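K.L.:
heads up, no residue letters with this:
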């Protein structure tokens, strides 16, 4: 077996027949045919023979192209580091020969490898350099435009992606490259599906599959199947989606395409989730995650983790849902791209909306233990965010407060029901138990690291500025402002809600109580809270903040 340092080359002495029996170009042609037919192991062997023959025959151009072909084939088998090393050798040799177009081809391949592992900034730089080097080649321009379209798609810039794919298709047509046109049609199908233009997507996928079948490209046919299946899930055509995704999976399995198999398993898992078969859904999504991780494809892994989180949410397994979301978020943080690049693409924004859905669902499930508190977390969250806006806090801080408000009473799971639901006053011992709920809340989230710092809210929302709060008796500005905001919002909601032994106060009376206890929070938090209340009471019906009224008490 070749050592890692040999860049995947097999020494001439290890071949069963002399490499000079056939010309290097013949081996290269055979390798390409085998790869297109999905015979990846055979293609790798033929590429290696082409390389050995080219070195022996001093066929420098064939050597450069065979190295790049071998790199692509090995990358498809998940041998990513070795593939990059082989492709870099192809680039260096092309530059030494002054073969700019071949060097640009190698750069385009390196850019595609960077793209697949999530190194988006590096991929962008590499593609642009490839365009500069190979500007005279229509074929190369078509491939680079295609890859730049994929980058735009990831960033959520769908109009730019559409323009890039159309430019790629036109370049392939000028070059009379039918196989390239098939790839361009596939990508146009994907961006059309992303835009919700499903009829157009179906048309493009059908054209791509037909051309791919004519050219014997099994991989592209499978990609069309799995991406059409995902579009079918979006429009609830679950039987068609499952059939196409399983057909794609069978093809990917034959081809040894681990990364692509991960996408097929993810789509099958989505189908099972949406059709009420959670155990099968979990198994398929876990397979997708493992395959993507093994193939070094963080974007694919993160997408599968998000789908698993949605499954766990539907099953009421909220803690596991949050762990899956956190794992997805860590993958995005690992990407070699600035946060803004990913955010524009909608990836993190989509993830954050899922976080909110899971946290909101968990908060509501907590409230279901006590009918008198139903809606409490949502009301506290809305008022807390309104207060944060009055303080001029940024979007990240607002999100922190929103999520912390929904989970601030998480620890009440540990309070015995007879204490939690007691209609009268609590004994000192019972009160001491209730006052442990912030600590228990933190304990429940010990193995969950949020992208937002919500744990201080959970632990310290009952602390008071004068040091009379619990559980730690913090004083003054030692209490995080986020915890103070949720704390004052919770007190107001408690005052204006029926709690078994306590009748709800009118809003005006509750505000008087808040003002009389203003020493419990910093002055600026109290003033911001009062401004938020005043703004809410002035808001017309239908305003996003909602009107303040004793009957609704929803801010």
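P.N.:
Cool, got the structure. Keep in mind that this is a model prediction, so the values were computed, not measured. Numbering: from 1, shown residues only.

K.L.:
for the protein, which spans come out with low pLDDT?
P.N.:
1-22, 333-351, 366-374, 499-501, 537-555 (pLDDT under 70).

K.L.:
Could you break it into its assigned domains?
P.N.:
1-130, 368-538 (automatic domain parsing).

K.L.:
tell me how far the longest one is from the chain's mean position?
P.N.:
Going by C-alpha atoms, centre = their mean, to the nearest Å, the spacing between the C-alpha centre of domain 368-538 and its chain's C-alpha centre is 31 Å.

K.L.:
The stretch 451-555 of the chain: helices as residue ranges?
P.N.:
Remark: helices assigned in the stretch 451-555 of the chain by DSSP state H, counting those that start in this stretch are 455-460, 481-495, 507-516, 523-538.

K.L.:
winner for burial among these?
P.N.:
helix 481-495 (a mean of 25; mean count of other C-beta atoms under 10 Å). The way it works is simple: take the backbone N, C-alpha and C, and place the C-beta from them, glycine included.

K.L.:
Helix 507-516 and that one, what's the angle between them?
P.N.:
Here the directions of helix 481-495 and helix 507-516 differ by 140 degrees (axes from the mean of the first three to the mean of the last three C-alpha atoms, to 10 degrees).

K.L.:
Also compute the angle for helix 481-495 relative to helix 523-538, please.
P.N.:
Using the same axes, to 10 degrees: helix 481-495 against helix 523-538 is 50 degrees.

K.L.:
who does helix 481-495 touch, helix- and strand-wise?
P.N.:
Applying 3 or more C-beta pairs under 8 Å, 6 or more residues apart in numbering; DSSP states H and E, one finds that helix 481-495 contacts helix 376-390, helix 395-407, helix 455-460, helix 507-516, helix 523-538.

K.L.:
What residues does residue 161 make contact with?
P.N.:
149, 150, 152, 153, 187, 191, 194 (C-beta atoms under 8 Å, 6 or more residues apart in numbering).

K.L.:
how would you label it: helix, strand or coil?
P.N.:
helix (DSSP: H, G, I helix; E, B strand; the rest coil).

K.L.:
right, and the helices and strands packed on helix 481-495 - which one's nearest residue 206?
P.N.:
helix 395-407 (41.9 Å; C-beta to C-beta).

K.L.:
following that closest one, which helix or strand shows up next?
P.N.:
Sequence-wise, the next helix or strand downstream of helix 395-407 (DSSP states H and E) is helix 417-420.

K.L.:
Tabulate the domains of the chain (TSV), appending distance to residue 216.
P.N.:
Listed next are the domains of the chain as TSV, based on distance: least, C-beta to C-beta, whole Å:
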stretch	distance to residue 216
domain 1-130	5
domain 368-538	46
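
K.L.:
Adding distance to residue 77, write the helices of the stretch 451-555 of the chain out as a markdown table.
P.N.:
Below are the helices of the stretch 451-555 of the chain laid out as a markdown table (distance: least, C-beta to C-beta, whole Å):
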| stretch | distance to residue 77 |
| --- | --- |
| helix 455-460 | 43 |
| helix 481-495 | 48 |
| helix 507-516 | 65 |
| helix 523-538 | 58 |
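
K.L.:
my guess is residue 62 meets residue 54, correct?
P.N.:
Yes - using C-beta atoms under 8 Å, residue 62 is in contact with residue 54, at 4.3 Å.

K.L.:
Can you check which residues contact both of these two?
P.N.:
24, 28.

K.L.:
Which ones among the contacts of residue 161 map onto helices?
P.N.:
Under the assignment DSSP state H, the contacts of residue 161 contribute 149, 150, 152, 153, 187, 191, 194 to helices.

K.L.:
Relative to residue 238, which of the domains of the chain is closest?
P.N.:
The nearest among those, by C-beta to C-beta, is domain 1-130 at 27.8 Å.

K.L.:
quick one: buried residues of the helix or strand where residue 96 lies?
P.N.:
In this structure, residue 96 is located in helix 80-97 according to DSSP H and E. In terms of neighbour count (16 or more other C-beta atoms under 10 Å), helix 80-97 has its buried residues at 80, 82-91, 93-95.

K.L.:
Counting by contacts, list what that helix packs against.
P.N.:
helix 60-76, helix 100-116.

K.L.:
want to try JSON lines for the ones you listed, with distance to residue 183 as columns?
P.N.:
Formatted as JSON lines, the helices and strands packed on helix 80-97 follow (distance: least, C-beta to C-beta, whole Å):
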{"stretch": "helix 60-76", "distance to residue 183": "14"}
{"stretch": "helix 100-116", "distance to residue 183": "12"}
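
K.L.:
can you redo those helices as CSV with mean neighbour count and distance to residue 509?
P.N.:
Converted to CSV, those look like this (neighbours: other C-beta atoms under 10 Å; distance: least, C-beta to C-beta, whole Å):
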stretch, mean neighbour count, distance to residue 509
helix 60-76, 24, 69
helix 100-116, 23, 61
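
K.L.:
Quick check: closest non-adjacent residue to residue 230.
P.N.:
residue 267 (5.1 Å; C-beta to C-beta, 6 or more residues apart in numbering).

K.L.:
any idea how far the helix or strand hosting the one you found is from the chain center?
P.N.:
Residue 267 belongs to helix 258-274 when assigned by DSSP H and E. How far helix 258-274 lies from its chain's middle: 15 Å, per C-alpha atoms, centre = their mean.

K.L.:
Now do the helix or strand following it and helix 258-274, the angle between them.
P.N.:
The helix or strand immediately downstream of helix 258-274 is helix 278-294, counting by DSSP H and E. Between the axes of helix 278-294 and helix 258-274, defined by the same axes, to 10 degrees, the angle is 160 degrees.

K.L.:
What residues of helix 278-294 count as buried?
P.N.:
278, 281, 282, 284, 285, 287, 288, 289, 291, 292, 293.

K.L.:
And these, which two are furthest apart?
P.N.:
278 and 293 (22.1 Å).

K.L.:
Would you mind confirming that residue 225 is in contact with residue 247?
P.N.:
Yes - contact criterion C-beta under 8 Å: residue 225 and residue 247 qualify, at 5.4 Å.

K.L.:
Could you check which of these two is surrounded by more residues?
P.N.:
Each of residue 225 and residue 247 has its neighbours counted (other C-beta atoms under 10 Å); residue 225 has more, 24 against 16.

K.L.:
which residues touch the residue nearest to residue 150 when sequence neighbours are not counted?
P.N.:
Leaving aside its sequence neighbours, residue 150 sits nearest to residue 115 (C-beta to C-beta, 6+ apart; 6.3 Å). Contact analysis of residue 115 by C-beta under 8 Å, 6+ apart lists 123, 147, 150, 151, 154.
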